[in-house]
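Visitor: just coords:
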């Protein structure tokens, strides 16, 4: 899995804060912009989040290039309808080479060499048959029906911060399928590294629910590391009881930790 | 304000329950349909709501004719983007008559006859000027710039049950502007009367948040009438503290009670 | 492929026509409803379509159960974002049996027995490996990475008439992948059979473009059968030149004719 | 009317072109990015537009601050549902001063001093009554029911390039209401000045339809200035016949020319 931030809204945090503020003041936008201090900005970000008034978050967009993921992942990803996608087509493009071009679930690795061998052989065999069918005259778009879902794809995705909030809620959760969960945490750490104040209190749905329900919001880092945090909610949306939520969130991260890339705050700048 | 349900998905509750169920069973849809008992249906509706897995709710749509409301209301209403609207245009249609064709806020009535007289005179005066400008040759679409926002309009709206859930959360709330709040409660009582199991646990955002956060969900009626209910959440999204939430919801309703129509479960049948 | 209409808006054509009309008249909705004759209704449907003012079409929704299709199809289908989906999960549900549970492209059949045998064997082999991996202790949600894309799935889809219009434009077209093209024509014939006046002038994008660009719209049936039709557009959106468009549309249909079900106008009634 | 571009996707044209290209090549994104020459970029922009495959255009977003417009305009604007809005509220914010805080339609100016005086007096009178009602104890959110629709508002809007394409099609058209038409042309000239290759062939729906229907697309500037252009379409979507379309587009612009600001390509940079 490889996630690259290729474009994003500069000064996104301030844009959100000032856009929110100008809905209740006749003051000039530029005046609000110039006057807005760090503390006031943070307050607007926290307030819009904990009140669920996140429409100003939509003014801020991120574009990612996502590579080396399976179609199992993308079939789930594109179900997020408030986002924009440009995906590699399997119709027009014949796949030339299977080496390193399939995803291996961690559970296969854990089962030892025999399982892994069987897994890889199965994929290679299917790929050979794909090639043979093409050689027999099938169009690639039909031959691909025998290709396994593990085969890699790539996709360019644009989401605004409000939809990302929703995406994180659902997909950073332990209940999410591991591959898309790994993607969600990767994206989270990337956007957090460039807009730390915006994403501080955000995480899986349990945290988002908790932060709507309590006076003083909790940071994701606290939930991950501080054992003394007491939650208010009786259960998370998925039904996990209060006392198990901390462990659940930590497992959701630990379980996919080997799929985490090192977040690079300058990705957006470097790539484009 | 007049709200008429002119079309809706028949057997909507069962459709939602079976659509949800068939995502996890290879059993035939028709088999699930025929086997589904009332209790199982209710369980699916409650579960999808309290887990926030409300995507199957989208299969169910309602179409309303909303009349005798102001453009103050519709300007807010059409901000709900996951819905469909057909609104009376002020461009092509010259308004002929102002009598009974403007909305009167309750706060004006409460201030006594003098305020009401001033209010009505102001609207009538503006309407006269609208007419005079048209008589001087202005097109109606430009003359209407002098018309007050109180002038009535009508609009046909289609929303699916998932968007209605969101609409109720935001607009049944005490923080919502009174006219759109009255609309929300009217619509709520209409859909509740035809699909009681679907809407039982639904209400303003405080209730929706509470029901995500607690093991056993609360009905709106309980929140409105049972003083012994204890809430789990520390605050509602809007920041109202736990101990004030019950009163807040009851006020949200009582404040617009005179704008409530009597919900008619057969509206959908009778009208079309 | 099996497509069943399980729910739809009754009197949808009249609803669209009256909703459109009431945007320009202060007349009572019920009065417009009662007065609207067949001819006037048809005129509103034709006008809204040929002017591209199709927002009233959104008030009309259709819900389909789509079975016996591949995940190649559904991965494309769910890219249509203005629609609602409930799809069978491969995560929680172990596939028990592969017999008749995969899609066979026509191009495989045409290549003769050897190609077909290879195709079927490839899929069966992958399925065996899926089973073995599960027997070795893999969770089904990971073992499925070796499953081919031909494996069947089912999905419940709700679309409104305006989004269907867009769907037909893109997916009835010869450039669309054959499986989703077959789905599009199947759906087209189903909705046409219940709402003939609404869908008469609708088809792939070439026809929709032509009907926006000409004074008197053409019916799809004319394009399919009448050789004397002269088109105005120089090319279709996809770049097919005027003189080849008729043949292109006919091929788009003939190419998937064996995947056409017989449309049953009473599906909606019978099923639910 | 004052339109300021406060944020936009840098290198948006190249991003669209490379995102489109990578759907059909396994080549590295960065490689495509580095290799892409100006001519190839222009070709991708033209092709995606004239084929109507504009999904990659969604990766590119623009954020505008729109000031000194009426609520007549914003009520129409927010009907564009694939966009993000943050608007000044009239609920919480009492309007202090009416001087220069209302919109004057051109048709009023044209009718001479008497009409203008009547128009202005009507608005000032309504404003006085608004103040008096507040002084009598009305909340501002209710007193505003007497405020005319001409009263100014401001709004922050984010749209992606694909939705802008749709917005231009509908709102640059002569049939659009003059105030929102002026907004559309203002926005058009702003985005054209920073991304000239993206917007060159774009304009009202007649031009967009024509460019889908013809082999070689026409630039908006040609339609506005070149009398020798021959159109293919028999009518525009709105029903204007071929021979009148050129005049219609020119009138759509000339009619609101005095509301055009001078487009400033550096707005985005200067403001934020």
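Guide: Perfect, thanks for sending it. Here the structure is a predicted model, which means the values were calculated and not measured.
Visitor: How about the lengthiest helix in chain A and chain D, touching?
Guide: Using DSSP state H to define each element, chain A has its longest helix at helix A:113-135. No - contact of helix A:113-135 with chain D is not found when judged by C-beta under 8 Å from any C-beta of the partner chain; the minimum separation is 14.5 Å. For every residue, glycine as well, the C-beta is placed using N, CA and C.
Visitor: what's in contact with whichever helix or strand comes after that helix?
Guide: Next in sequence after helix A:113-135, counting helices and strands by DSSP states H and E, comes helix A:140-143. The contact list for helix A:140-143 (C-beta atoms under 8 Å, 6 or more residues apart in numbering or on different chains) reads A:90-95, A:130-131, A:133-134, C:105, C:107-108, C:177-178.
Visitor: let's see 10 Å
Guide: The contact list for helix A:140-143 (C-beta atoms under 10 Å, 6 or more residues apart in numbering or on different chains) reads A:89-95, A:129-137, A:147, C:72, C:104-108, C:111, C:115, C:119, C:122, C:150, C:177-179.
Visitor: pLDDT value on the nearest residue to residue A:105 once chain neighbours are set aside, please?
Guide: Excluding the flanking residues, the one nearest residue A:105 by C-beta to C-beta, 6 or more residues apart in numbering or on different chains is residue C:142, at 4.0 Å. Note for residue C:142: predicted pLDDT of 95.
Visitor: Quick one: the helices in chain A, in order.
Guide: According to DSSP H, the helices that chain A contains are A:12-21, A:29-35, A:38-50, A:71-77, A:106-110, A:113-135, A:140-143, A:161-171, A:178-194, A:196-199, A:205-213, A:220-225, A:242-254, A:267-271.
Visitor: would you turn these into a markdown table with mean neighbour count?
Guide: Below are those laid out as a markdown table (neighbours: other C-beta atoms under 10 Å in any protein chain shown):
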| stretch | mean neighbour count |
| --- | --- |
| helix A:12-21 | 24 |
| helix A:29-35 | 15 |
| helix A:38-50 | 17 |
| helix A:71-77 | 23 |
| helix A:106-110 | 16 |
| helix A:113-135 | 17 |
| helix A:140-143 | 22 |
| helix A:161-171 | 21 |
| helix A:178-194 | 22 |
| helix A:196-199 | 20 |
| helix A:205-213 | 25 |
| helix A:220-225 | 16 |
| helix A:242-254 | 16 |
| helix A:267-271 | 16 |
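Visitor: ok, now which ones touch the spatially most central residue of chain A?
Guide: The centroid of chain A falls nearest to residue A:184 when counting by C-alpha atoms, centre = their mean (2.4 Å). Contact partners of residue A:184, counting by C-beta under 10 Å, 6+ apart, are A:77, A:164, A:167-173, A:176, A:203-204, A:252, A:256.
Visitor: Lowest average pLDDT across the helices of chain A?
Guide: When I compare the helices of chain A, helix A:267-271 is least confident, with a mean of 41.
Visitor: ok, back up a step: do you know how far the residue nearest to the centre of chain A is from chain C?
Guide: 16 Å (C-beta to the nearest C-beta, to the nearest Å).
Visitor: Residue A:176 now?
Guide: 10 Å.
Visitor: do the same with residue A:132
Guide: Per C-beta to the nearest C-beta, residue A:132 is found 7 Å from chain C.
Visitor: Likewise for residue A:207?
Guide: Applying C-beta to the nearest C-beta to residue A:207 and chain C gives a distance of 23 Å.
Visitor: tell me the contacts of that residue?
Guide: Counting by C-beta under 10 Å, 6+ apart, the residues that residue A:207 touches are A:168-169, A:172-173, A:201, A:217-220, A:222-224, A:231, A:233, A:236, A:245, A:249.
Visitor: Get me the contact residues on chain A for chain B.
Guide: A:47, A:50-53, A:55, A:79, A:81-82, A:169-170, A:175, A:205-206, A:208-216, A:231-239, A:241-242 (C-beta under 10 Å from any C-beta of the partner chain).
Visitor: what's the neighbour count on residue A:219?
Guide: The tally of other residues near residue A:219 (other C-beta atoms under 10 Å in any protein chain shown) stands at 17.
Visitor: Is it in contact with residue A:226, as I believe?
Guide: Yes - at 9.0 Å, residue A:219 and residue A:226 qualify as touching, with contact defined as C-beta atoms under 10 Å.
Visitor: Model confidence for residue A:265, exactly?
Guide: So residue A:265 comes in at 41 (pLDDT).
Visitor: Roughly how far does residue A:257 sit from chain C?
Guide: 17 Å.
Visitor: need the contact list for that residue.
Guide: A:106, A:182, A:185.
Visitor: and of these, the nearest to chain C?
Guide: Chain C has its nearest neighbour among those in residue A:106, at 8.2 Å by C-beta to the nearest C-beta.
Visitor: which one of the contacts of residue A:257 is nearest chain D?
Guide: For the contacts of residue A:257, the residue nearest chain D by C-beta to the nearest C-beta is residue A:182; the value is 20.1 Å.
Visitor: How about stretch A:4-12, which residues are buried there?
Guide: Within stretch A:4-12, the residues scored as buried using 16 or more other C-beta atoms under 10 Å in any protein chain shown are A:4, A:5, A:6, A:7, A:8, A:9, A:10, A:12.
Visitor: Okay, and which of those residues map to strands?
Guide: A:4, A:5, A:6, A:7, A:8 (DSSP state E).
Visitor: mind giving me CSV with these and columns for pLDDT and distance to chain D?
Guide: Formatted as CSV, these follow (pLDDT from 0 to 100; distance: C-beta to the nearest C-beta, whole Å):
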residue, pLDDT, distance to chain D
A:4, 96, 8
A:5, 96, 12
A:6, 95, 7
A:7, 97, 6
A:8, 97, 9
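Visitor: Adding distance to residue B:30, write these out as a markdown table.
Guide: Compiled in a markdown table, those are given as follows (distance: C-beta to C-beta, whole Å):
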| residue | distance to residue B:30 |
| --- | --- |
| A:4 | 47 |
| A:5 | 47 |
| A:6 | 47 |
| A:7 | 48 |
| A:8 | 48 |
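Visitor: give the contact list for the closest residue to chain B within the stretch 51-200 of chain A.
Guide: Nearest residue of the stretch 51-200 of chain A to chain B: residue A:52, at 4.5 Å (C-beta to the nearest C-beta). Applying C-beta under 10 Å, 6+ apart, we find residue A:52 in contact with A:165, A:208, A:211, A:212, B:169, B:170, B:205, B:209, B:236, B:237, B:238.
Visitor: For it, grab phi and psi.
Guide: Geometry field for residue A:52 lists phi and psi as phi 70, psi 20, criterion degrees, to the nearest 10.
Visitor: Let me know the pLDDT of it.
Guide: Reported pLDDT for residue A:52: 95.
Visitor: Touching, residue A:255 and residue A:174? I think so.
Guide: Yes - counting by C-beta under 10 Å, residue A:255 does reach residue A:174; the two are 7.5 Å apart.
Visitor: and the gap between residue A:67 and residue A:123?
Guide: 18 Å (C-beta to C-beta, to the nearest Å).
Visitor: burial measure for the residue lying closest to residue A:51 once chain neighbours are set aside, as a count.
Guide: Among residues not flanking residue A:51 along the chain, residue B:237 sits closest, at 5.3 Å (C-beta to C-beta, 6+ apart). Counted by other C-beta under 10 Å, the residues lying close to residue B:237 total 22.
Visitor: Enumerate every residue touching residue B:237.
Guide: A:50-53, A:211-213, B:169-170, B:173, B:175, B:204-206, B:208-209.
Visitor: redo that, cut-off 7 Å
Guide: A:51, A:52, A:212, B:205, B:209 (C-beta atoms under 7 Å, 6 or more residues apart in numbering or on different chains).
Visitor: Please name the nearest non-neighbouring residue to residue A:212.
Guide: residue B:237 (5.1 Å).
Visitor: Tell me the pLDDT of the one you found.
Guide: With respect to pLDDT, residue B:237 has a value of 97.
Visitor: Please apply the same query to residue A:272.
Guide: For residue A:272, the model assigns a pLDDT of 38.
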